[in-house]
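# take a look and give me a structure for this.
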Amino acid sequence: MQAEISDYALLGDTRTAALVSRQGSIDWLCAPRFDSPAFLAAILGGAEHGRWLLAPTAAPVASKRSYRADTLVLQTEYECSEGAVTVVDAMPIQDNGPGMTIARLVIGRGGRVPMRMEFIPRFGYGLDRPLLRQAAGDLVAVCGPDTLRLSTPIKVDAHYGAARATFTVTGRERVPFILAWLPSDGCQPPRHSAEDLIAGCERWWQTWVRRCTYKGEWRPSVIRSLLTLKALIYAPTGGMVAAATTSLPELIGGSRNWDYRYCWLRDAALTFTVLHGSGYSQEALAWRDWLLRVVGNAPEELQIVYGPAGERHLPEWEAGWLPGHHGSAPVRLGNAAASQFQLDVYGEIAESQYPAVLENGFAEGQQDIVGQVLSVLEQAWQLPDEGIWEVRGPRRHFTYSKVMAWAAFDRAVKLAKRTGLAGPHERWRAMRDEIHAEVCGRGFDPVRKSFVQSYGSSELDASLLRIPAVGFLPGTDPRITATIAAVRDELAIGDGLLLRYSAGAQGSVDGLDGGEGAFLACSFWLADALALSGQHAQARELFESLLTLRNDVGLLAEQYDPRRRQLTGNFPQALSHLALVNTALLLSSAATGP
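Residues are numbered from 1 along each chain as shown. Purely as a prediction, here's the structure:
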């Protein structure tokens with residue numbers, strides 16, 4: 001039986017990630033880069049598509065799991081009829097080299113607990129069965145350029161592409177398992193004990209957390225989300241993926257299944273705004289440098305999404321042999337959104353870089369790129385685009401896209417005043433004013449008394465809640481308060497949860513049939529808008545309610561299905577977690593005052 005999305009916990013080493021189910025099965029694991037072919041694809045099919053199970057042989061009487069404080073070290077405690085046992089899982093941080101390691105440690109806590117281990121490695125998204133053999137006391141799985149090496153003192157039997165073992169843990173016995181990935185032409189990884197690897201991993205994360213400057217009342221929740229965001233950053237380059245997975249459905253049985261293991265400029269920019277605001281300027285500057293590399297000297301060719309190392313070509317295709325999560329097909333790999341024009345990313349980038357430049361100054365060549373980008377934007381802002389929700393239908397003049405074009409010129413004008421940024425300041429100011437006037441005229445429906453999704457439309461869109469957050473209008477402006485009320489009335493699907501846009505517009509906006517769940521980031525944006533409009537009690541109540549939607553280890557997916565009461569969409573989702581942190585920062589700031 002397939003696990004639910006909320007049944008998973010995250011392991012990460014800032015190069016790749018794995019998902020561990022409540023049942024003790026690692027069902028998703030990529031090579032040391034988030035977008036590389038998955039070794040284990042059970043999350044998108046069945047056990048035959050790869051997994052690594054380590055759990056009691058018989059169903060436990062009770063179990064609970066948690067992360068060790070301020071870390072991504074996971075421990076699952078099983079209470080069984082004959083005893084108790086804890087399984088500790090960690091993905092140690094490696095500062096260099098091409099490898100990846102997962103350490104798992106079974107710790108007896110009394111009595112006798114029969115355990116089982118099942119290792120079904122698969123490459124090529126579950127399609128390719130590797131050769132299994134014994135070598136130097138380890139089990140080795142080789143498939144083309146990739147090798148997995150499983151080390152354990154337990155006797156393991158391997159047949160037909162799978163390995164299994166049974167053993168009994170007694171008293172305080174400790175049984176280690178170490179899985180290492182390395183290139184097939186590489187050398188054997190250095191030997192470490194599982195306990196040392198886990199302890200080192202724990203120290204690394206706790207050291208990182210100590211840099212956090214947020215001291216507000218929601219610090220544990222903020223820390224958990226910041227840890228998740230850090231795990232989604234590809235450390236060698238500073239690029240950040242939107243989620244660890246591909247094709248987890250936005251609604252079970254639906255076809256809105258996308259590959260999110262890439263770096264969206266929007267998501268990354270918003271992420272590094274909150275990281276910078278939480279004391280993590282190092283990560284913000286690393287992403288700035290990544291951005292400068294991918295833009296190069298051709299800002300007119302800017303894409304909205306790249307690979308984690310800056311790759312431009314992300315062709316989209318379907319893995320027809322995988323049935324998808326709970327039968328939700330197709331399973332898509334790659335993302336055709338790379339070819340889209342999304343006007344809002346210019347504003348998101350400008351908004352993220354503004355505080356970083358004020359604090360750290362411009363990087364070499366950054367001022368020239370700012371000028372070139374704004375030169376491109378002078379013409380581009382007048383064009384229709386695919387928008388924040390990546391429509392696969394006709395382009396439109398999306399209101400939010402125009403607002404963010406305004407934000408790009410607004411931040412440039414402010415930087416010119418505060419830093420001496422060279423450029424045609426009067427023209428930038430004129431562009432800013434022209435866009436503002438157009439949005440207020442064409443993006444606002446005087447009949448509905450609300451901003452609308454696109455020019456000439458009467459549909460609503462939750463992205464409109466971001467208008468006061470970027471300073472386009474104050475949150476107390478009657479047009480904003482009316483928009484907030486309209487969005488809450490029309491897009492709400494219970495308990496403060498919001499759809500991205502009107503249900504009647506879903507098919508026409510993204511070109512697909514069927515519905516979707518509540519988009520979690522939008523609900524956090526609602527809390528932000530309420531706070532900025534002076535409705536602090538309602539904002540706080542909504543935020544507290546949204547925190548309860550996290551799974552038992554504090555993780556969020558992209559969406560939430562209130563009917564099934566389950567997380568849906570790719571997991572864990574950076575946009576959901578960065579929105580959580582941003583709302584906590586905003587509410588805490590409002591509570592303490594300037």
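
# quick check: pLDDT value at the residue nearest to Asp259 when sequence neighbours are not counted.
Spatial nearest neighbour of Asp259, excluding adjacent residues (Cβ to Cβ, 6 or more residues apart in numbering): Thr246 at 3.8 Å. All C-beta atoms are positioned from the backbone trio N, CA, C, and that covers glycine. According to the prediction, Thr246 has pLDDT 96.

# neighbours of Thr246, how many?
28 (other Cβ atoms under 10 Å).

# ok, now the one 4 residues further on?
When neighbours are defined as other Cβ under 10 Å, Glu250 has 25 of them.

# how close does the nearest residue to Arg122 once chain neighbours are set aside sit to Ile26?
Leaving out its chain neighbours, the residue that sits closest to Arg122 by Cβ to Cβ, 6+ apart is Gly50, at 3.3 Å. Distance of Gly50 to Ile26, given as Cβ to Cβ, to the nearest Å: 9 Å.

# anything in contact with each of those two?
Residues touching both Gly50 and Ile26 (Cβ atoms under 8 Å, 6 or more residues apart in numbering): Leu40.

# ranking helices and strands of this structure by mean pLDDT, which lands last?
Every helix and strand in the chain was compared by mean pLDDT, DSSP states H and E; the lowest is helix 506-510, with a mean of 55.

# the residue nearest to Asp259 against Phe571, yeah?
No: contact between Thr246 and Phe571 fails when scored by Cβ atoms under 8 Å: they sit 10.6 Å apart.

# quick one: low-confidence parts of the stretch 401-550 of the chain?
Applying pLDDT under 70 to the stretch 401-550 of the chain picks out residues 503-514.

# which residue ranges of it form strands?
Per DSSP state E, counting those that start in this stretch, the stretch 401-550 of the chain carries strands over the ranges 444-445, 450-451, 518-519.

# Leu131: how many residues sit nearby?
Leu131: 11 surrounding residues under other Cβ under 10 Å.

# what sits against it?
Each residue near Leu131 by Cβ under 8 Å, 6+ apart is listed here: Ala141, Val142, Cys143.

# restricted to strands, list these.
Ala141, Val142, Cys143 (DSSP state E).

# who wins for most neighbours among the residues you listed?
Within the ones in strands among the contacts of Leu131, Ala141 tops the neighbour count with 26 neighbours, counted by other Cβ under 10 Å.

# so that residue sits right up against Thr147, yeah?
Yes: between Ala141 and Thr147 there is a contact under Cβ under 8 Å: 6.9 Å.

# beta partners for Gly12?
Assessed by DSSP bridges, Gly12 has beta-bridge partners Ala17.

# which residues does it contact?
Contacts for Gly12 (Cβ under 8 Å, 6+ apart) come out as Ala18, Leu72, Met91, Lys230, Ala231, Leu232, Ala244.

# walk me through the domains of this structure.
Listed domain ranges for the chain are 5-185, 216-592 (source: automatic domain parsing).

# look up phi and psi at Asp267.
Dihedral pair for Asp267: phi -60, psi -40, per degrees, to the nearest 10.

# test my guess that it contacts Leu575.
Yes: contact criterion Cβ under 8 Å: Asp267 and Leu575 qualify, at 5.3 Å.

# how about stretch 164-175 as CSV, C-alpha atoms only?
Extracted C-alpha coordinates of stretch 164-175, given in CSV (Å, rounded to 0.1, in the frame of the first residue of the first chain):
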residue,chain,number,x,y,z
ARG,A,164,16.8,-8.9,1.9
ALA,A,165,17.8,-9.6,5.5
THR,A,166,16.2,-10.5,8.8
PHE,A,167,17.7,-10.0,12.2
THR,A,168,16.8,-9.5,15.8
VAL,A,169,17.8,-6.6,18.0
THR,A,170,18.1,-7.3,21.7
GLY,A,171,18.7,-5.1,24.8
ARG,A,172,20.8,-2.1,23.8
GLU,A,173,22.2,-3.6,20.7
ARG,A,174,23.0,-1.2,17.8
VAL,A,175,23.0,-2.3,14.2
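
# pLDDT of that stretch, averaged?
96.

# mind listing what's buried along that stretch?
Buried positions in stretch 164-175, judged by neighbour count with 16 or more other Cβ atoms under 10 Å: Ala165, Phe167, Val169, Val175.

# how about the nearest residue to Ala194 once chain neighbours are set aside, secondary structure?
Once flanking residues are discounted, Ala194 sits nearest to Pro176: 3.4 Å by Cβ to Cβ, 6+ apart. Secondary structure, DSSP: H, G, I helix; E, B strand; the rest coil: Pro176 is strand.

# out of the buried residues of stretch 164-175, list just those in strands.
Short answer: the buried residues of stretch 164-175 in strands (DSSP E) are Ala165, Phe167, Val169, Val175.

# going by distance to Leu132, which of those wins?
Proximity to Leu132 was ranked across those by Cβ to Cβ; first place goes to Ala165, at 13.0 Å.

# pull the contacting residues for that closest one.
Neighbours of Ala165 in contact, by Cβ under 8 Å, 6+ apart: Arg116, Met117, Thr152, Ile154, Lys155, Val156, Asp157.

# check Phe543 too.
Phe524, Ala527, Thr583, Ala584, Leu587.

# same question for Val470.
Contact analysis of Val470 by Cβ under 8 Å, 6+ apart lists Gly347, Glu351, Val403, Met404, Ala407.

# nearest to Thr57, of the residues you listed?
Using Cβ to Cβ, Glu351 comes nearest to Thr57 of the contacts of Val470, at 53.5 Å.

# mind checking the SS state of the closest one?
Once three-state DSSP is applied, Glu351 turns out helix.
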